[in-house]
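Novice: Requesting a structural model of the entry that follows:
(chains A and B)
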Amino acid sequence: MSAAAPAIGMPSAWRRVSTALYLRPGLVLFLLLTPPMLWLGIVYLGSLFALLAQSFFYIDGFTGQVVREVTLATYAELFTAANIGIIWRTAGMAASVTIACAIIAFPIAYYMARYATMRTKALFYLAVMLPLWSSYLVRVYAWKLILAKEGIITWLAEHLGFAWLLDGLLSIDVIGGPSLSASYIGTFLVFVYIWIPYMILPIEAALERVPRSLVEASADLGAKPRATFRKVILPLAIPGVAAGSIFTFSLTLGDYIIPGIIGNSRPFIGMAVLQHQGTAGNIPMAAAFAVVPIVIMGIYLTVAKRLGAFDAL
Amino acid sequence: MTDRAEPPTAVRFARVSRHYGEVRAADDLSFEIADGEFFSLLGPSGSGKTTCLRLIAGFEQPTAGEIFVHGRAMAGVPPYERDVNTVFQDYALFPHMTVADNVAYGPMIKGVPREERMREAAAMLEMVALGGLGGRKPSQLSGGQRQRVALARALINRPKVLLLDEPLGALDLKLREQMQVELKAIQRRVGITFVYVTHDQGEALSMSDRIAVFDRGRIEQIGTATDIYEHPASAFVAGFVGVSNLVAAEVAAAITGASATFSIRPEKIRIERPEAAVPEGHCAVGGRIESVLYLGANTRYAIALDHGGELTVLDQNREEQTGLADRRVGAPVKLVWNRRHIQTIGARPPAP
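Specialist: So this is what the prediction gives:
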């Protein structure tokens, strides 16, 4: 025993650590989860709580100092007509962008999931992800040039004889404007372009999980392709659409760069937050504005769940 | 349509082929399935049996030949216009619908009002012994229960032909045997033609009126269970359906006097002492026990023959005979069997 001990005994420190960890899976879990939980708990939830707390303070109009007293005065101010306008504008844009993204993304995702060969699917993945490799700002400014009055779209419209269509679009109240880059239509187009990968990928993943045999079973039971799509494929893809819409909706709600560069410079929520905490130094108001997207997302998810968007998960 | 005595044909294959490039999944197949028959397509994986089923269902189109279902040519008819239904291997239940909605899917597509189709679905679930489970989701059911739902969902449409693609493959042995009995009983009750794909020869033998044995896209033999088992038409059938000893021509010459390859089932062979007398009409050959495998109900022996070659013998354990001195490895024995159990295997050209 004592003679054999050095051979199998005398484990190196690493081996002892490995053995100790192997025998205590709970400890491994604890060690693995503590850093991210601390990060999530302190940095994320902590700052969120700090933000919420800020929104219940108010700013003294004379001194410009934040008064640390709990009050609903800031929220009362949030619900003035101008601010409500900002909230509606942002929510309306987020909803339209989400719907447009879903409509455009679905056929692409459907093709990728059901028809594309491995090779074409890889190409599609690349095409969908490629824009994400270049800077967001570069892409937004590129769009500003494309949409500008002197840009390629106007030029094409004039040369191909559909200038009347462009002018017609731009003359529509509210969403129109002097040029695409200075109208809500432009803001909308760029939002859809920027966020569409976040809609395509989850829908594709959901559709890919629908086994071919389900589609065959539906046909076997007498359903024509249209009915199969409505009764089987679409319901099973809805969780993917819901996941994608969470991305496009919340990203649009919080963005301040795109409406700042492209559009008619009427403020969105993100721009209001930036302005209140940066320029005006009104941290409580900025915090109150920042709470709005959280509440809207909460309502959105509740409604989506009620409608059964996650039932097929 | 005619009033002949024999039942009309439910499914007819007329020189049907399905090729995928070089691969011949089904190769020039012609056969008929009678109305009300329980017809099994038996074969190893990749032998073309599932392809045949998918051709009948309409998920695939033949590259040559014509398929008729109750006399109607099926070329260009999509699955949703065919009077056949399928029970899928993975059941293919719609995960987002309740069990009752799954069963009522066919009637719903046909536009049957909700109340009526729900009543039908409930009756159907009752028939497959799942009454009261209609409100559950498929994910809340066991494998055997899902299998029954798939069956009910297909049968509710009262198809002319029901196609079953290895429906019991995913079930454990006990449940599978129980479902075999139930499937057969249901088939008798509803009187619908069942076309049943399986790779399990036991399943095919016990359930089918007739069996088609597939190998590499071709049918080796069609016949009743007894035909297939007792009179295999080829070495492949003899080897695939049950266990069989294939005795090469040169060894056969020494045993039977005729130089022709034959097959003999292991359970037809008796093990006797070397000095035992050979009854009239029997063959006998000497050998030595090579290995003994105790299987509970049976014992399986491998016997090395004096003339060369080896025979497997399956001996029922009627008495406490295992472990006897003359049944140990190395013991000399005489193997005896009735000549009529010999199946001479016709010389078939080897498959390309």
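
Novice: Any stretches of chain A with poor pLDDT?
Specialist: Across chain A, the ranges flagged by pLDDT under 70 are A:1-11, A:311-313.

Novice: swap in chain B?
Specialist: B:1-7, B:320-325, B:346-352.

Novice: Helices of that one, start to end?
Specialist: When secondary structure is read from DSSP state H, chain B shows helices at B:49-57, B:99-103, B:105-110, B:114-127, B:143-155, B:173-190, B:201-207, B:225-230, B:235-240, B:249-256.

Novice: Residue A:218: which of the ones you listed is closest?
Specialist: Closest of those to residue A:218 is helix B:105-110, at 7.4 Å (criterion: C-beta to C-beta). Quick note: C-beta positions are derived from backbone N, CA and C, even for glycine.

Novice: How about the closest one and chain A, touching?
Specialist: Yes. Part of helix B:105-110 sits near chain A under the criterion C-beta under 8 Å from any C-beta of the partner chain, namely B:105, B:106, B:108, B:109, B:110.

Novice: Touching that helix from outside, list them.
Specialist: A:218, A:221-223, A:227, A:231, B:85, B:94, B:97, B:101, B:114, B:116-117, B:120-121, B:153, B:156-157 (C-beta atoms under 8 Å, 6 or more residues apart in numbering or on different chains).

Novice: Mind checking which of these are buried?
Specialist: A:218, A:221-223, A:227, A:231, B:85, B:94, B:97, B:101, B:117, B:120-121, B:153, B:156-157 (16 or more other C-beta atoms under 10 Å in any protein chain shown).

Novice: distance of the most centrally placed residue in chain B from residue A:211?
Specialist: Within chain B, one residue has its C-alpha closest to the average C-alpha position: by C-alpha atoms, centre = their mean, that is residue B:204, at 2.7 Å. To residue A:211, residue B:204 is 26 Å away according to C-beta to C-beta, to the nearest Å.

Novice: now do residue A:138
Specialist: Taking C-beta to C-beta, one finds residue A:138 at 41 Å from residue A:211.

Novice: Between these two, which is the more surrounded one?
Specialist: residue A:211 (14 against 9; other C-beta atoms under 10 Å in any protein chain shown).

Novice: who's in contact with stretch B:138-151?
Specialist: B:87-88, B:91-95, B:97, B:99, B:102-103, B:125, B:128-130, B:133, B:167-168, B:170-171, B:175, B:179, B:183, B:186.

Novice: same thing but at 7 Å, please
Specialist: B:87-88, B:91, B:93, B:95, B:99, B:102-103, B:128-130, B:133, B:167, B:170-171, B:175, B:179 (C-beta atoms under 7 Å, 6 or more residues apart in numbering or on different chains).

Novice: Repeat that for stretch B:263-273.
Specialist: By C-beta under 7 Å, 6+ apart, stretch B:263-273 touches B:232, B:238, B:242-247, B:301, B:311-315, B:326, B:333-337, B:341-343, B:345.

Novice: Could you tell me how far that stretch lies from the centre of the chain?
Specialist: 25 Å (C-alpha atoms, centre = their mean, to the nearest Å).

Novice: What's the end-to-end length of that stretch?
Specialist: End-to-end distance of stretch B:263-273: 23 Å, with C-alpha to C-alpha, to the nearest Å as the criterion.

Novice: now stretch B:65-75
Specialist: Stretch B:65-75: ends 9 Å apart by C-alpha to C-alpha.

Novice: Residues touching that stretch, excluding its own?
Specialist: B:10-17, B:55-56, B:58, B:82-84, B:160-161.

Novice: which of the residues in the helix ranked longest in chain A are buried?
Specialist: Counting by DSSP H, the longest helix found in chain A is helix A:81-114. For helix A:81-114, the neighbour count (16+ other C-beta under 10 Å) marks A:83, A:86-87, A:89-91, A:93-98, A:100-102, A:105-106, A:108-110, A:112-113 as buried.

Novice: could you point out which element follows that helix?
Specialist: As assigned by DSSP states H and E, the chain's next helix or strand after helix A:81-114 is helix A:118-133.

Novice: Report the buried residues of that next one.
Specialist: A:121, A:124, A:125, A:128.

Novice: Pick the one among those closest to residue B:222.
Specialist: residue A:121 (42.6 Å).

Novice: Nearest residue to that closest one in space, please, no chain neighbours.
Specialist: In space, and not counting its chain neighbours, residue A:121 is closest to residue A:112: 5.6 Å by C-beta to C-beta, 6 or more residues apart in numbering or on different chains.

Novice: Also residue B:241?
Specialist: The shortest distance from residue B:241 to any non-neighbouring residue, by C-beta to C-beta, 6+ apart, is to residue B:201 (4.8 Å).

Novice: what do you get for residue B:208?
Specialist: Nearest to residue B:208 is residue B:40, by C-beta to C-beta, 6+ apart, at 4.0 Å.

Novice: Test of understanding: give the bridge partners of the one you found.
Specialist: Using DSSP bridges, the bridge partners assigned to residue B:40 are residue B:196, residue B:211.

Novice: do you know how far the residue nearest to residue B:241 is from chain A?
Specialist: 25 Å (C-beta to the nearest C-beta, to the nearest Å).

Novice: wait, that residue sits on residue B:239?
Specialist: No. Using C-beta atoms under 7 Å, residue B:201 makes no contact with residue B:239, being 10.5 Å away.

Novice: Those two: which has the busier surroundings?
Specialist: Between residue B:201 and residue B:239, counting by other C-beta under 10 Å, residue B:201 is the more crowded of the two (21 against 15).

Novice: Report the separation between the more buried one and residue B:232.
Specialist: On the measure of C-beta to C-beta, residue B:201 and residue B:232 end up 11 Å apart.

Novice: quick revisit: select only the buried ones of the contacts of stretch B:138-151 in ChimeraX?
Specialist: Of the contacts of stretch B:138-151, the buried ones go into a single ChimeraX selection, burial set by 16+ other C-beta under 10 Å:
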select /B:87,88,91,93,95,99,102,103,128,130,133,167,171,179
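
Novice: Please list which of the contacts of stretch B:138-151 are also close to chain A.
Specialist: B:88, B:95 (C-beta under 7 Å from any C-beta of the partner chain).

Novice: Return the residues of the stretch 1-150 of chain B in contact with chain A.
Specialist: Checking the stretch 1-150 of chain B against chain A by C-beta under 7 Å from any C-beta, the hits are B:57, B:59, B:78-80, B:85-86, B:88, B:90, B:92, B:94-96, B:105-106, B:109-110.

Novice: Grab the nearest non-local neighbour of residue 191.
Specialist: No chain specified, so I'll use chain A. In space, residue A:191 is closest to residue A:97, 4.4 Å off (C-beta to C-beta, 6+ apart).

Novice: Chain B, not that one
Specialist: Residue B:191's closest residue in space is residue B:36 (C-beta to C-beta, 6+ apart), at 5.4 Å.

Novice: what does residue B:284 give?
Specialist: Nearest to residue B:284 is residue B:278, by C-beta to C-beta, 6+ apart, at 4.3 Å.

Novice: ok so, going back, filter the contacts of stretch B:263-273 down to the ones in strands?
Specialist: Members of the contacts of stretch B:263-273 lying in strands (criterion: DSSP state E): B:245-247, B:301, B:311-315, B:333-337, B:343.
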